[in-house]
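Asks: sequence and predicted model, in that order:
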Amino acid sequence: MEILELNTLSDNQITDLLGLMHELDPEIAVSAAMLRAAAEDPSTHLFAAVEDSHIIGCASLCVTHSPTGAKGGIEDVVVSSACRGRHLGRALIEHILDYACRELSPIDMHLTSRPSREAANRLYQSLGFFRYDTNVYKLKL
């Protein structure tokens, strides 16, 4: 298994990523155009765990700059259900953190996770993330 940053996507990669996004949340509508836009956006770093020419996990790092400094949001972390238990989620997050330290430091890293994703929450805490006392709001436009 290797972790690659994807800046362009082949049709096969799109198929793999669409399957992963469905595993992440069957209710969300993700299109090939959305995946391509994410991969090509210079402020988004789409990382994929690849094995036997297939994407078996992914995570994205979305970078923003504000007056208070650079912020990195880790989004859409998902590992194929067929490959879970192999610590691929940890490998993806560690890869993102190493990349951010090397290429973007200083930067504050953020992520969110549903409370029901107990294993994911334990993973993030074991990597040094702490629960921040704030409210998260969402507005779809």
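Replies: Noted; the coordinates are in hand.

Asks: use CA for all of it now, contacts and neighbours both
Replies: Noted.

Asks: ok, the spatially most central residue of the chain - contacts?
Replies: Nearest to the mean C-alpha position of the chain, counting by CA atoms, centre = their mean, stands residue 59 at 2.1 Å. Residue 59 makes contacts with 46, 47, 48, 74, 75, 76, 77, 78, 92, 93, as judged by CA atoms under 8 Å, 6 or more residues apart in numbering.

Asks: quick one: residue 61 from residue 53, how far?
Replies: Look at residue 61 and residue 53: by CA to CA, to the nearest Å, they are 22 Å apart.

Asks: of the two, which one has the most company?
Replies: Set residue 61 next to residue 53 and count neighbours by other CA atoms under 10 Å: residue 61 wins out with 25 against 10.

Asks: can you give me the strands for the protein?
Replies: In the chain, the segments counted as strands under DSSP state E are 2-6, 44-51, 54-66, 69-79, 108-111.

Asks: could those strands go into a markdown table alongside distance to residue 85?
Replies: As requested, the strands of the chain are exported to a markdown table (distance: least, CA to CA, whole Å):
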| stretch | distance to residue 85 |
| --- | --- |
| strand 2-6 | 16 |
| strand 44-51 | 14 |
| strand 54-66 | 12 |
| strand 69-79 | 9 |
| strand 108-111 | 21 |
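
Asks: for the closest residue to residue 94 other than its chain neighbours, grab phi and psi.
Replies: Leaving aside its sequence neighbours, residue 94 sits nearest to residue 127 (CA to CA, 6 or more residues apart in numbering; 7.9 Å). Backbone torsions for residue 127, taken as degrees, to the nearest 10, come to phi -90, psi 0.

Asks: check the one 5 residues further on too.
Replies: Dihedral angles phi and psi of residue 132 (degrees, to the nearest 10) take the values phi -100, psi 130.
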